[in-house]
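Sequence unavailable; structure follows:
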């Protein structure tokens, strides 16, 4: 039996330990209690009541305001084809002396022409608005039952700020796509939206470097499963892949080794694999690491203490980002 047939679980499956420990806050406001009031009509005789009703109706007809239809303001305006920032060909404004000491900017954005619209959060490094520079781009995918803000909670953008401000990393962009449709039909198409819609959108609306060696993809848990599927099937798109406690997809697992064997050695993406010793998915990662070794695929493999949780990932988030950055620094030196 092929090695990958030992993998179990439905596509995108993660164990109970990976589920979110906090539910999304309900957006439905509580309904007020019905309030009963004693009718003033009970204190009047018939003639007084008729006179009072006539006067009340006249007053309403004279003073009632005109009812206008409500104005609906979208919570997030659809993006336009005009870049928010100056394209690289324009002369940048002089950078303020202290812009490099400021934090990067975080914005929500959306690719509106996909079904469903592909939402994402983007981190732009310090001095982005004052520069005409092109930047390496890191796509980070969240886990099942979470959404695009998970990597923010894990500290990814704060770590990026610290590395850039200290000079230990070149400025870079981080893209955090939403994949909360994991349990709906739209979830299966997330990979296509990422490759064919989101990446072209980011490349055309932001100053992202388009060479594969300056574009990295990483993901934790279910996001790690997507990283394996997309990264090995499209090595022309990504120069580095980070698998953090990956939940490999059962339907995809038998094809991963075939994908790996088909990639020319010189085009193989840099590869990081890590997982906790107490993670219920440890066995799958060990089998996958055996496959990498059997195919002479150069990689980094860490078995850290910990389980399948945000506590584990936040503890190692800085190591993850330093590894991505190192590849860009090496590629920049070679050019």
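Nice, I can see it. Note that the structure is predicted; figures quoted are calculated from it, not measured.

Between its first and last residues, how far does stretch 203-211 reach?
10 Å (C-alpha to C-alpha, to the nearest Å).

Determine the longest helix present in this protein.
When the chain is parsed with DSSP state H, its longest helix is helix 310-334.

Identify all contacting residues around that helix.
With C-beta atoms under 8 Å, 6 or more residues apart in numbering as the test, helix 310-334 has contacts from 136, 138, 150-151, 153-156, 159-160, 163, 168-170, 172, 213-214, 216, 218, 220, 239-240, 242, 244-245, 270, 272, 274, 276, 279, 300, 304, 306. For every residue, glycine as well, the C-beta is placed using N, CA and C.

Find out how far it is from the centre of the chain, if you would.
17 Å (C-alpha atoms, centre = their mean, to the nearest Å).

any chance you could map the helices in the stretch 51-200 of the chain?
Ranges of helices within the stretch 51-200 of the chain are 150-153, 156-165, 190-193, 199-205, based on DSSP state H, counting those that start in this stretch.

which residues in the chain form strands?
Assigned by DSSP state E, the strands in the chain fall at 105-111, 118-124, 137-141, 173-177, 215-220, 240-244, 270-276, 300-304.

between the fifth one and strand 173-177, how many degrees?
Read it as strand 215-220. Between strand 215-220 and strand 173-177, the angle comes out at 50 degrees (axes from the mean of the first three to the mean of the last three C-alpha atoms, to 10 degrees).

From the contact counts, what lies against strand 215-220?
Under the contact definition 3 or more C-beta pairs under 8 Å, 6 or more residues apart in numbering; DSSP states H and E, strand 215-220 sits against strand 137-141, helix 222-233, strand 240-244, helix 310-334.

Swap in 10 Å and give it another go.
Contacts defined by 3 or more C-beta pairs under 10 Å, 6 or more residues apart in numbering; DSSP states H and E place strand 215-220 against strand 137-141, helix 150-153, strand 173-177, helix 199-205, helix 222-233, strand 240-244, strand 270-276, helix 310-334.

So for that strand, mean pLDDT?
For strand 215-220, the mean pLDDT works out to 98.

What of the second one?
When pLDDT is averaged over strand 118-124, the result is 98.

swap in the fourth one?
When pLDDT is averaged along strand 173-177, the result is 98.

Make 541 the starting number, not 1.
Shifting the count to begin at 541 puts that one at strand 713-717.

Just to check, residue 703 is in contact with residue 678?
No. Using C-beta atoms under 10 Å, residue 703 makes no contact with residue 678, being 11.6 Å away.

More neighbours: these two, which one.
Comparing residue 703 with residue 678 by neighbour count (other C-beta atoms under 10 Å), the higher total belongs to residue 678, at 26 against 19.

Please name the bridge partners of the more buried one.
Beta-bridge pairing of residue 678 under DSSP bridges involves residue 714, residue 756.

quick one: contacts for it?
663, 691, 696, 700, 712-716, 754-758, 780, 782, 860-861, 864-865, 868 (C-beta atoms under 10 Å, 6 or more residues apart in numbering).

rerun that using 6 Å as the cut-off
By C-beta atoms under 6 Å, 6 or more residues apart in numbering, the contact set of residue 678 is 714, 756, 864.
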